[in-house]
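Peer 1: sharing a model that was predicted from the sequence below.
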Amino acid sequence: MVEREFDEFFLHENEKGKLAYLEIVQQTVEILLNSYPGKGSPYNGKTPEALKEEIERLAAIQAEGESAEIVMREIGDYVVANSIHVTHPTSMAHLHCPPLIPALAAEMVISQLNQSMDSWDQSMSATYVEEKMVKWLCQRMRLSDGADGTFTSGGTQSNYMGLLLARNSYCEKVFNTDVKRSGLPKDGHRLRILCSENAHFTVKKSASQLGLGEDAVLLVKTDEQHRLCTVDLQKKLSELKEQQLLPIAIVATCGTTDFGSIDPLVEIADIANEHEIWLHIDAAYGGAFMLSHENLQKIAGLELADSVTIDFHKLFYQPISCGAFFVKDSINFKYIQHYAEYLNPEEDEEEGIPHLVNKSIQTTRRFDALKLYVSLKILGTKRFGEMIDRTVRLAKQTAALLRDTKDFSLLNPEPELNALVFRYEPADLDPKKLNKLSRFIHRELWQKGIAVAAKTTINQNLYLKFTLLNPRTTLLDIQKVVHEITALGKSFTEKEGKSFEKIS
Ligand SMILES: *Cc1c(COP(=O)(O)O)cnc(C)c1O
């Protein structure tokens, strides 16, 4: 076989490349296997300053390359060892999942093939795999026959796309303005978006990027279960009418980031329908219930949306990044359609050559559909659903535990998904010090390697949050953490409580 320069840096028909690939992959696998010792912690507890310093000491990039073995070992020692281990049972801060092994294998295929989903001539079979996956998901969600979708980088991009299509569709219908060509109509400053107080911040961010401004987003009140209140929605719609402002979209959340609450989707869809307003459902988190056996009914109404956001790098256990965006009527993708002569000329379409860039706001795009496909095939929908349901059951058990444990207060005693917002509130501590206490507990948990929990502020009060995505986490793991929180809380109160006694 002909040898070429740089053979050892690429995987191709030549032995030299194959050998180099095998060697570095084997070594990398070993590093990863060894990074999970028997009784680990989710994080080794190093402070931001200590870790920054350590990473700065990583050897500089040289003119002469180093051996792969040395470099990868260094990555193991500095990067892997100092990462949060998302597969650890007490890594439970954010919507940050342990990735499925089948998806890890698929990632190897994805990165080696390096297909790009924008045009057919960069992703021949991949184009059809993504289309097949999209179709399967549309059916699973019971979207209508005219529905279509695309894989995205995640919920942020999907929410942005939903609101972009909503805006352009509205401006075409009401102002006869083609925003894609000529920009916002002169009445653009009157456009409004409605979502609940607990909707994701990317609704506002999208509004700002769409030329509407964050102030164009009206926050609808929530009920005691942190769901959008439809009475307030109706009231806000009437107010907008009086003020001659124009609601272009309602965003309902199917699984809020903090509480995992699911807005009343069917009721909201009725209201949107009655007022002829685009309904976008942000199901980044709760959309995974499409696979659930015990919670499927909770997402009833998802199929009524004009557009839907789903994230797979959350409750579908996919490595980052992996998300999707769906529209009820595929015609709406025309609002982002742009023919580039070099990439996706119109004539190709006539010849039946599909270019997925026509449905995306990205150009070069990863073949992430493959890892979801491989995961679903290997696990099967039965086991997949059981895995999701197990986490919801654990969340309910944890809620019961927190309700029954002295001095804990839980903000969502009836969790719909698997997030819990709570804090330790000892009666003998000055209430003004509760935020400081939560901050202390949060930091001690990760510094001592006990757990990585999240924190969030609700009405100026700082709370702790567990997001129980990991199906391997058990009630015993949680009991231990709750026990540690109590101990930390008591030690804090003992120190700080003294001054409280003096004041009172
Ligand atoms: C995570 C999340 C998002 C943002 O998605 P990314 O994948 O992080 O971009 C949007 N909405 C909700 C409800 C989310 O939970």
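Peer 2: Cool, the structure landed.
Peer 1: CA only for contacts and neighbour counts going forward, please
Peer 2: OK.
Peer 1: contacts only, for the closest residue to residue 292 other than its chain neighbours.
Peer 2: Closest residue to residue 292 apart from its sequence neighbours, by Cα to Cα, 6 or more residues apart in numbering: residue 385 at 4.3 Å. Residue 385 makes contacts with 289, 291-293, as judged by Cα atoms under 8 Å, 6 or more residues apart in numbering.
Peer 1: for those, which one is nearest the ligand?
Peer 2: Nearest to the ligand among the contacts of residue 385: residue 289, at 13.6 Å, using Cα to the nearest ligand atom.
Peer 1: which of the contacts of residue 385 lies closest to residue 69?
Peer 2: residue 291 (41.9 Å; Cα to Cα).
Peer 1: for that closest one, which non-adjacent residue is spatially closest?
Peer 2: Per Cα to Cα, 6+ apart, closest to residue 291 is residue 385, 4.8 Å.
Peer 1: what about the host helix or strand of the residue nearest to residue 292, distance to the chain center?
Peer 2: Using DSSP states H and E, residue 385 sits within helix 369-404. Relative to the mean C-alpha coordinate of its chain, helix 369-404 is positioned 16 Å out (Cα atoms, centre = their mean, to the nearest Å).
Peer 1: what's the average pLDDT for it?
Peer 2: Across helix 369-404, the average pLDDT comes to 98.
Peer 1: elements contacting the helix or strand where residue 168 lies?
Peer 2: Assessed by DSSP H and E, residue 168 sits inside helix 155-175. Applying 3 or more Cα pairs under 8 Å, 6 or more residues apart in numbering; DSSP states H and E, we find helix 155-175 packed against helix 179-182, helix 202-209, strand 246-253, strand 278-283, strand 307-311, strand 323-327.
Peer 1: list the buried residues in it.
Peer 2: Residues 155-171 are the ones in helix 155-175 that count as buried (16 or more other Cα atoms under 10 Å).
Peer 1: and the angle for the helix holding residue 385 with strand 323-327?
Peer 2: Here helix 369-404 points in a direction 100 degrees away from that of strand 323-327 (axes from the mean of the first three to the mean of the last three Cα atoms, to 10 degrees).
Peer 1: check which residues of helix 369-404 are buried.
Peer 2: Quick answer for helix 369-404 (16+ other Cα under 10 Å): 369-376, 381, 384-399, 401-402.
Peer 1: I'd like the next helix or strand past that helix.
Peer 2: Taking DSSP H and E, what comes next after helix 369-404 is strand 408-410.
Peer 1: identify the residues contacting that following strand?
Peer 2: Contacts of strand 408-410 (Cα under 8 Å, 6+ apart): 399, 402-403, 420-426.
Peer 1: all helices in the stretch 101-250 of the chain, in order from the N-terminus.
Peer 2: Using DSSP state H, counting those that start in this stretch, the helices found in the stretch 101-250 of the chain span residues 101-113, 124-140, 155-175, 179-182, 202-209, 230-242.
Peer 1: any low-confidence regions in this structure?
Peer 2: Scanning the chain for pLDDT under 70 picks out the ranges 38-39, 498-504.
Peer 1: from residue 269, how far off is residue 372?
Peer 2: Here residue 372 is placed at a distance of 29 Å from residue 269 (Cα to Cα, to the nearest Å).
Peer 1: looking at the stretch 201-350 of the chain, which residue is nearest the ligand?
Peer 2: Counting by Cα to the nearest ligand atom, the stretch 201-350 of the chain gets nearest to the ligand through residue 257 (4.3 Å).
Peer 1: which residues touch that residue?
Peer 2: Residue 257 touches 95, 198-200, 285, counting by Cα under 8 Å, 6+ apart.
Peer 1: now do it against residue 89, distance only.
Peer 2: 20 Å.
Peer 1: swap in residue 412?
Peer 2: For residue 412, the distance to residue 89 - Cα to Cα - is 22 Å.
Peer 1: likewise for residue 369?
Peer 2: Going from residue 369 to residue 89 by Cα to Cα gives 27 Å.
Peer 1: can you pull the residues of the stretch 51-200 of the chain lying near the ligand?
Peer 2: Neighbours of the ligand within the stretch 51-200 of the chain, by Cα under 6 Å from any ligand atom: 154-156, 200.
Peer 1: give the burial count for residue 210, as a bare number.
Peer 2: By the measure other Cα atoms under 10 Å, the count of residues near residue 210 is 16.
Peer 1: how about it, phi and psi?
Peer 2: Note on residue 210: backbone dihedrals following degrees, to the nearest 10 are phi -90, psi 10.
Peer 1: residue 466 now?
Peer 2: According to degrees, to the nearest 10, residue 466 has phi -110, psi 130.
Peer 1: so it sits right up against residue 90, yeah?
Peer 2: No: counting by Cα atoms under 8 Å, residue 466 stays clear of residue 90, with 9.1 Å between them.
Peer 1: what sits against residue 398?
Peer 2: Applying Cα under 8 Å, 6+ apart, the residues near residue 398 are 475, 478.
Peer 1: how about residue 470?
Peer 2: Applying Cα under 8 Å, 6+ apart, the residues contacting residue 470 are 87, 89, 92, 97-98, 391.
Peer 1: distance to residue 205 and secondary structure added to these, as a markdown table?
Peer 2: What follows is those, written out as a markdown table (distance: Cα to Cα, whole Å; DSSP: H, G, I helix; E, B strand; the rest coil):
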| residue | distance to residue 205 | secondary structure |
| --- | --- | --- |
| 87 | 31 | coil |
| 89 | 33 | coil |
| 92 | 26 | coil |
| 97 | 24 | coil |
| 98 | 28 | coil |
| 391 | 30 | helix |
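Peer 1: which single one of the residues you listed is nearest to residue 298?
Peer 2: Using Cα to Cα, these come closest to residue 298 at residue 391, 15.3 Å.
Peer 1: the closest residue to that closest one other than its chain neighbours: how many residues sit nearby?
Peer 2: Spatial nearest neighbour of residue 391, chain neighbours left out: residue 471 (5.4 Å); criterion: Cα to Cα, 6+ apart. Residue 471 has 19 neighbouring residues, counting by other Cα under 10 Å.
Peer 1: does residue 471 touch residue 395 like I think?
Peer 2: No: Residue 471 is beyond contact range of residue 395, at 10.7 Å (criterion: Cα under 8 Å).
Peer 1: contact partners for the residue of the stretch 1-150 of the chain found nearest the ligand?
Peer 2: Nearest residue of the stretch 1-150 of the chain to the ligand (Cα to the nearest ligand atom) works out as residue 95 at 6.5 Å. Taking Cα under 8 Å, 6+ apart, we find residue 95 in contact with 257, 285, 314-315, 467, 469.
Peer 1: residue 372 and residue 318 touch, don't they?
Peer 2: Yes: between residue 372 and residue 318 there is a contact under Cα under 8 Å: 6.9 Å.
Peer 1: returning to that earlier point: which SS state does the residue nearest to residue 391 fall under?
Peer 2: Secondary structure assignment for residue 471 (DSSP: H, G, I helix; E, B strand; the rest coil): coil.
Peer 1: quick one: contacts for the residue lying closest to residue 147 once chain neighbours are set aside?
Peer 2: Spatially, and ignoring its direct neighbours in sequence, residue 147 is nearest to residue 328 (4.3 Å; Cα to Cα, 6+ apart). By Cα under 8 Å, 6+ apart, the contact set of residue 328 is 143-144, 146-148, 305-307.
Peer 1: okay then, goodbye and thanks.
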